[in-house]
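Enquirer: can't give you the sequence, but here's the structure:
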C-alpha cells in the first residue's frame, strides 16, 4: 500500500492509499463529527455533518470527509467559518425531527445550532440509514430498507423477514442517533399493523 | 398476476445481473401494478432482497403497489402546463372523480396521477387518459374529456 | 440484406438506394413527433395511407411518418415534397384534397398554409415561415427527410459516412482530436467539453469502458432530445459508435424514457437494423472494431438523469447518486470508466467528423460552438423545438422564432434549465445564447428548455412549483438537499400565500448556501438556483408578501 502524506488542520498525517479523509483524521486523533458513519459499514455520505474543506491545487472546496479519498499533499481543514456554518444548518434541519437527541444536542452546543429554528416535523427519523445498512451489510438480513423518494423518504421493515429475524437480534436499536429508537418504533408498527404499514409504503 | 407471466419476463433477461428495474417496469406495464406476490417472486428469482425491490417500487409513481382502475388518468404537472393552469385543472379532475393523485376510485373506474413533462407542451394544460392526450383542457372542459370513459 | 464489410460496400449500397429513388417523386412527410402525436396524428397518417390506396398512387407517392418537425404549436404538420409545401393544423378531412390538389395537382391549398398572426402574411413553404426561416438547422432538419424506422432513408441522406470515415480513415486519437478542436460542449446541462470528457475516459485505467446515451430528458419543458432520437435515431447511434471508437469502448448503453413507447420502438428498430447491416456488433464495416449497445429504461424520477444515479440504474440498482470525487468517466458503471453524453451531444458528432472541426467551430460564439436545440414552452405563441446557432439573442428566439407572447401580454421573464436553472427578466433579452454568459446571469442553459413567462406570472409561485417538484423527484438521501428543500419549500409556500415573515429571505439564502455547498450531488447543489435567480431579479415579489 502506497503511503500518503497529507495535512489536516496544519498537522502532518500519514495515511495509505484508498483511505478516506475521515479515516486518516481518526487515525491521527483528529475529531470530525459524524452521524451516519459506522466502522463496520461502507461510507454512506448522507448526513454531510462530516463536511470539511479541502485544498487541492489552490482550490478550496467543501467535501464529505467520510467519502473523500486521501491524496498526497492534500490540505484539510476540519473547522472553518464555512464548515461551521454548514454543520450548524445541518443540525438545525435535523433537530426539527429529533430535538431531544443527545447526540444532536451535544453537537448543537458546539456549533451554536438552535433546535427551534425550524418548525417540528412529524417524523423523528433523521434517515442516517444506520439500521438499514447494518441489517444489510453486517447481518445480511435485509429486514429493513428505505422506501419512497425525496422529502417522503422513510425506513420500512419487511414484515415477513422481521417477524422471523428481529426479536432475537435488535442490534440496530442502539445505533439510532435520534433517542427515539426509530427502528424499534417502525418495526413494532410494521408487525402490529402489517397491512397498514404496507399501505403506508404505497401512499405517495 | 400469474407466476408464468412473471417468469417469462424474468427469463427474457436471463443471466443479466442488472435486469431488476427492467423486470419491474415490464410487470408494471403488463399488469398495471405490482402485486406483493410478484415482488416476492422477482426477489427469489433474481436473488435480490425484497427491501431493495421495495425501495425501487416506491421510488416514483411510475410503479404502483395498488391495483389501477380501468382508466389511468394523468394530469401533466410539468412547468409549461403549470404556468398555463394545470393546478386548477388537477383540482377540477380531483373534484370530478373524487380521488387524489396516487388513488383509484371505489368502483375501479379511474386511477389518477400527476405526470411529469411528456414533451407535448403545445397541448398544455393536458390530461392523458390511457396514453391518449387531451390538449388545452380548461378546468371546465375536464368533464367533457372524462365522460367518454366507461 | 447482407452485412456491409467495407467503405466501398457502404457507398455501393448507398448508390443502390439512391438509384432506386427519384428525387422528383412526391412524398408526404407527416410529423409523428410527440407534439403531433398528442394531436392524434395517427388519424392523419391512416387517412393518407387510405387515400393513396384509394387513388391507387402507391407507386407514385411515398408516405413518411417522420420525426418531429419542431413546429409543435401548429401540428399536425404535413410537408409535401419535393416542393416543400407545409400544411399546418391538418385534419383527416383535409387529406383527400391534399392528395388531389397538392400532391398530384401541384396546387397550394390556401386555407392549410401558415398565416402569421402578427402580420397576416401567408407562407406556403417551410423556408418562408418565420418559425423555420430564423433557425439554423443542422440536426433537426433531417427529421422531415427520413422515416426514422428506415435505415435506408438515413443512408440516402449520407448516413454512416462519418462512421466509415472515422473507423477506416482516422485513428481513435485523430477522432478525439477532431472533437476536442471542435470545442463541442455537452448539451445535457453542464456544458462540459465533450472531447475533454472523452479523453478522461480514454486515458482512465482499465480495459473495459462504457459509453452511454443519456436520453432521460427529465428537465421539465425539454423535449428536443426526444425530437432527435425519435426522429433520427441513427444519427445518435452513429455518434455513439464514433465516440466508442475514440474512447476505446466496446459496450454502449442507451438510457431512455420508459414512458414514450414511440421512442422505445424507433430505438429498437434502429439498433436491429444497424446490427443487420454490420454497423453494430463484430468487425464494424470491416474495421476490426467491435461494439454493442444495450437499452435501459428509467423509472421516471428526475434524479435518475444525474450521471451517477443513471449509472446505478443501469446496474439495476435504485437510481441514487453517489459522490463523484472520482469522476464517472474514470469510475462509472460497475466501477469502470463510463462516458456519458446526452442525445443532442452525440448527434453532433457525425456532423463534426463529416464537415470538420473547423467548420463546426465557425458556428456560434467564442466559447459556445455549433447550434443548440431549444424547447420553447410556457406563455409563447409558437411552442416547439427550434435549432439556432449559439450567439442568437434570447429576444430573437422568443420573438422571431417563437412569435412572441400570446394574448397581447408582455413578457416578464425567461426561465432556462428547468428545476436546476434560473430566470432572467425582460431587460436581459438581448443576451446571446451562450453557456457562460447565461450561467453568469444565473440562468444556465441546462438542456435547453426555455420556459417563457408572461406579465401575469407570479415568480414566487414558479419557484414554489420547482421546489415542490424537487422535493418529490430527488432521492432524499442527503440532509442538505432533502431537508433543505423541505424547509425552503415551506418558506416559499408561506411567502406565495402572503404569509411571509421577516427574515425569511435571509433564511432562504442561508439554507441555499448550505445545500449548494454540502449536498451529495448536482441536484441538491443547484436546487436553489431558480430561487436565487428570482431573489436576484424579482426580490420585490418576495418582499411584497412579507409582513
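Expert: Received it, and whenever you're ready, just let me know what you need. Note that the coordinates shown come from a computational prediction; the quantities given were computed from them, not determined experimentally.

Enquirer: how about the helices in chain B?
Expert: Secondary structure of chain B (DSSP state H): helices at B:3-12, B:20-31, B:36-46, B:50-57, B:79-83, B:86-97, B:142-146.

Enquirer: residues touching residue C:270, list them.
Expert: Neighbouring residues of residue C:270 by C-beta atoms under 8 Å, 6 or more residues apart in numbering or on different chains: C:148, C:149, C:151, C:233, C:234, C:237. For glycine as for every other residue, the C-beta is placed from the backbone atoms N, C-alpha and C.

Enquirer: where does chain A get nearest to chain C, residue-wise?
Expert: The nearest approach of chain A to chain C comes at residue A:153, 3.2 Å away (C-beta to the nearest C-beta).

Enquirer: can you give me the neighbour number for that residue?
Expert: Using other C-beta atoms under 10 Å in any protein chain shown, residue A:153 is surrounded by 21 other residues.

Enquirer: tell me who's in contact with the nearest residue to residue C:280 once chain neighbours are set aside.
Expert: Distance criterion C-beta to C-beta, 6 or more residues apart in numbering or on different chains; nearest residue to residue C:280, sequence neighbours excluded, is residue C:274 at 4.4 Å. Counting by C-beta under 8 Å, 6+ apart, residue C:274 touches C:151, C:234, C:237, C:280.

Enquirer: tilt between the host helix or strand of residue C:274 and helix B:20-31?
Expert: Using DSSP states H and E, residue C:274 sits within helix C:261-276. Counting by axes from the mean of the first three to the mean of the last three C-alpha atoms, to 10 degrees, helix C:261-276 lies at 120 degrees to helix B:20-31.

Enquirer: quick one: strands adjacent to the following helix or strand past helix C:261-276?
Expert: Once the chain leaves helix C:261-276, the next helix or strand it forms, by DSSP H and E, is strand C:292-297. Strand C:292-297 pairs in its sheet with strand C:251-256 (parallel), by DSSP bridges.

Enquirer: what's the offset of the partner strand from the middle of its chain?
Expert: 16 Å (C-alpha atoms, centre = their mean, to the nearest Å).

Enquirer: in the stretch 401-547 of chain C, what residue is nearest chain A?
Expert: Closest point on the stretch 401-547 of chain C to chain A, by C-beta to the nearest C-beta, is residue C:476, at 3.2 Å.

Enquirer: three-state assignment of that residue?
Expert: Using DSSP: H, G, I helix; E, B strand; the rest coil, the three-state assignment for residue C:476 comes out as coil.

Enquirer: now swap in residue A:32 and tell me
Expert: Applying three-state DSSP: residue A:32 is coil.

Enquirer: can you pull the contacts of it?
Expert: Residue A:32 touches A:21, A:22, A:25, A:26, A:50, A:52, A:65, A:78, counting by C-beta under 8 Å, 6+ apart.

Enquirer: got phi/psi on it?
Expert: Taking degrees, to the nearest 10, you get phi -130, psi 130 for the backbone angles of residue A:32.

Enquirer: mind checking pLDDT for it?
Expert: Residue A:32 carries a pLDDT value of 98.

Enquirer: so residue B:18 makes contact with residue C:314?
Expert: Yes - with contacts counted by C-beta atoms under 8 Å, residue B:18 reaches residue C:314, the gap being 6.4 Å.

Enquirer: give me the common contacts of the two.
Expert: The contact lists of residue B:18 and residue C:314 share residue C:296, where a contact means C-beta under 8 Å, 6+ apart.

Enquirer: ok, those two, which is more surrounded?
Expert: residue C:314 (25 against 18).

Enquirer: does that one touch residue C:212 like I think?
Expert: Yes - the criterion here is C-beta under 8 Å, and residue C:314 meets it with residue C:212 at 7.3 Å.

Enquirer: name the residues contacting each of these two.
Expert: C:253, C:255, C:333.

Enquirer: ok, the second one - how many residues close by?
Expert: The local packing count at residue C:255 equals 24, with neighbours defined by other C-beta under 10 Å.

Enquirer: ditto for the last one
Expert: Using other C-beta under 10 Å, residue C:333 has 23 neighbouring residues.
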